[in-house]
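> Fold the following, please.
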Amino acid sequence: MLKPPAPAPWYRDAGLLSGLSLLALLTSYNLSTQYDASYQLIGGLAIIPLASAVLVEKMDRLVLVDVLTVMSAFLTIEVTGVPYDTSQVARLGLILFSCSFGLWSAQRRIKQSRRLVTLGQVARSAQRAIMRPVPPHMPGMDVEVRYLSSALEAQVGGDAYDAVETPFGFRALVADAKGKGLDAVRSASLVVGSFRAWALDEASLSSLLQRLDLLAKRDLTEGDFVTALVAELNGPTFSFATAGHPPPVRFRHGAIHELRTPPSPPLTLFDTDETPAVGRVEIAAGDTILMFSDGLSEARNKDGQFFPFAQSLADTLTQHPELDLADTINRLIDELRTFVHGELTDDLVLVAIRLEQTTRPTTTGADFERRTVPPAPRTLRPS
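Here you go, the predicted structure:
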């Protein structure tokens with residue numbers, strides 16, 4: 001059963017610490033006014049419960065601050081001998097009101113925050129369940145996949161990937177659904193399921209995207225869409241097609257080559273005669289292909305600067321050619337986290353491919369053994 005994360009310990013609770021600090025400061029000041037009521041700030045104590053309620057992480061800690069605040073008010077009056085006149089009663093009433101309002105508002109805030117975090121955990125678990133934990137092992141090539149979570153647990157994106165061996169070669173999908181939360185995860189899962197079913201049958205990547213669009217139109221709600229990149233590696237030939245998705249990037253000897261084709265709209269937005277363009281390039285041993293969601297290309301730091309991921313990866317490949325693909329991608333991720341100071345605002349998926357020194361043989365339908373991939377469910381075929 002999913003549970004919200006435990007609150008911070010009391011010594012790291014900003015609400016509790018700020019409340020106690022303000023209480024100590026005002027109480028010391030009130031007790032040092034030498035019995036001159038004109039200089040006392042008893043009414044100022046009403047600020048403390050409200051300030052603490054904004055940040056406190058547990059209700060019992062706020063109750064403690066409220067009780068101590070009320071005690072401080074009465075202690076100040078008793079010690080300094082200030083009379084209980086109308087203005088003093090009004091100040092005490094203000095303090096009691098701020099305590100009550102602070103408790104009510106903090107309870108609503110904490111409850112809503114825990115609900116959002118729990119929904120985020122559910123969406124995150126569902127998202128990870130639809131994606132293979134590791135890519136399939138392919139002879140003659142290295143494949144590395146990374147999925148990075150947003151710093152905001154409640155803002156789970158619809159990023160997803162899949163990779164399968166098919167009669168046409170190794171095929172991969174990177175997708176990103178519109179929106180956040182469970183709806184986005186559901187949209188991405190439908191596209192991943194469709195890809196797993198039809199990547200084995202559709203000979204053309206263009207036809208594969210058309211098929212994914214058809215199924216997405218049937219299953220997604222109106223207004224939803226999913227960007228997608230499908231790619232195929234067969235021997236030294238790398239083919240790709242996009243639907244509203246960032247294009248792949250090839251890295252060769254320190255040079256950066258963005259692989260573009262004429263754009264096509266995201267899935268569910270195809271026209272009836274839409275035929276996505278398929279790009280093809282020859283890759284050599286040692287080349288690296290990077291496919292990603294926009295969580296990487298649109299990552300920014302606090303100054304609004306975009307993370308230069310392509311140049312960063314190119315520099316790593318040039319300066320550290322001894323690194324394997326896994327270490328290279330890990331270094332890229334470390335540089336990304338440093339650039340954004342650990343505050344990713346969107347989920348992201350990376351799929352990296354590197355051709356080994358011995359080129360994998362070209363795959364044909366006759367060479368393919370279906371036992372390498374479970375049979376695709378036929379229930380996804382449109383009626």
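
> can you tell me how far the closest residue to Thr221 other than its chain neighbours sits from Val278?
Leaving aside its chain neighbours, Thr221 sits nearest to Asp183 (7.9 Å; criterion: CB to CB, 6 or more residues apart in numbering). All C-beta spots, glycine's among them, are computed from the backbone N, C-alpha and C. Separation of Asp183 from Val278 (CB to CB, to the nearest Å): 30 Å.

> for Ile289, same thing?
15 Å.

> domain parsing for the protein?
Domains of the chain are assigned by automatic domain parsing as 10-122, 131-380.

> Return the distance of the shortest one from the chain's centre.
Meaning domain 10-122. 36 Å (CA atoms, centre = their mean, to the nearest Å).

> same deal with the last one?
Put simply, domain 131-380 sits 17 Å off its chain's centre (CA atoms, centre = their mean).

> residue ranges of the strands in this protein, please?
Under the criterion DSSP state E, the chain contains strands at 141-148, 157-166, 169-180, 226-234, 237-243, 249-252, 255-258, 279-282, 288-292, 348-355.

> among the domains of the chain, which is the most enclosed?
A comparison of the domains of the chain by mean neighbour count, using mean count of other CB atoms under 10 Å, puts domain 131-380 on top with a mean of 18.

> Kindly provide the whole-number mean pLDDT of that domain.
Averaging pLDDT along domain 131-380 yields 84.

> ditto for stretch 10-29
Stretch 10-29 shows a mean pLDDT of 87.

> What would it look like as PDB? C-alpha coordinates only.
Taking Å, rounded to 0.1, in the frame of the first residue of the first chain, the C-alpha atoms of stretch 10-29 are listed here in PDB:
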ATOM      1  CA  TRP A  10      11.000  18.200  14.400                       C
ATOM      2  CA  TYR A  11      14.400  19.800  14.300                       C
ATOM      3  CA  ARG A  12      14.000  20.200  10.500                       C
ATOM      4  CA  ASP A  13      10.400  21.400  10.500                       C
ATOM      5  CA  ALA A  14      10.500  25.000   9.200                       C
ATOM      6  CA  GLY A  15       7.000  25.700  10.600                       C
ATOM      7  CA  LEU A  16       7.900  24.600  14.100                       C
ATOM      8  CA  LEU A  17      11.300  26.300  14.200                       C
ATOM      9  CA  SER A  18      10.000  29.600  12.800                       C
ATOM     10  CA  GLY A  19       7.100  29.600  15.300                       C
ATOM     11  CA  LEU A  20       9.300  28.900  18.300                       C
ATOM     12  CA  SER A  21      11.900  31.500  17.200                       C
ATOM     13  CA  LEU A  22       9.200  34.200  16.800                       C
ATOM     14  CA  LEU A  23       7.700  33.200  20.100                       C
ATOM     15  CA  ALA A  24      11.000  33.500  21.900                       C
ATOM     16  CA  LEU A  25      11.800  36.800  20.300                       C
ATOM     17  CA  LEU A  26       8.400  38.500  21.100                       C
ATOM     18  CA  THR A  27       8.100  37.000  24.600                       C
ATOM     19  CA  SER A  28      11.600  38.300  25.500                       C
ATOM     20  CA  TYR A  29      10.700  41.700  24.100                       C
END
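
> Format the CA atom coordinates belonging to stretch 215-222 as PDB.
Output of stretch 215-222 as PDB, limited to C-alpha atoms (Å, rounded to 0.1, in the frame of the first residue of the first chain):
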ATOM      1  CA  LEU A 215      -5.300   3.200 -32.000                       C
ATOM      2  CA  ALA A 216      -4.600   6.300 -30.000                       C
ATOM      3  CA  LYS A 217      -7.600   8.100 -31.700                       C
ATOM      4  CA  ARG A 218      -9.700   5.100 -30.700                       C
ATOM      5  CA  ASP A 219      -8.700   4.800 -27.100                       C
ATOM      6  CA  LEU A 220      -7.700   8.200 -25.900                       C
ATOM      7  CA  THR A 221     -10.100  10.900 -24.800                       C
ATOM      8  CA  GLU A 222     -10.700  13.900 -27.100                       C
END
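
> Using CSV, list the CA coordinates for stretch 333-348.
Provided in CSV are the C-alpha atoms of stretch 333-348 (Å, rounded to 0.1, in the frame of the first residue of the first chain):
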residue,chain,number,x,y,z
ILE,A,333,22.8,12.8,-16.0
ASP,A,334,25.2,14.0,-13.3
GLU,A,335,25.9,17.1,-15.3
LEU,A,336,22.2,17.7,-15.9
ARG,A,337,21.5,17.4,-12.1
THR,A,338,24.3,19.8,-11.4
PHE,A,339,23.1,22.3,-14.0
VAL,A,340,19.5,22.4,-12.6
HIS,A,341,20.7,22.1,-9.0
GLY,A,342,18.8,18.9,-8.5
GLU,A,343,15.5,20.5,-9.3
LEU,A,344,14.1,18.7,-12.4
THR,A,345,10.7,20.1,-13.2
ASP,A,346,9.7,17.4,-15.7
ASP,A,347,10.2,13.7,-16.0
LEU,A,348,12.5,12.5,-18.8
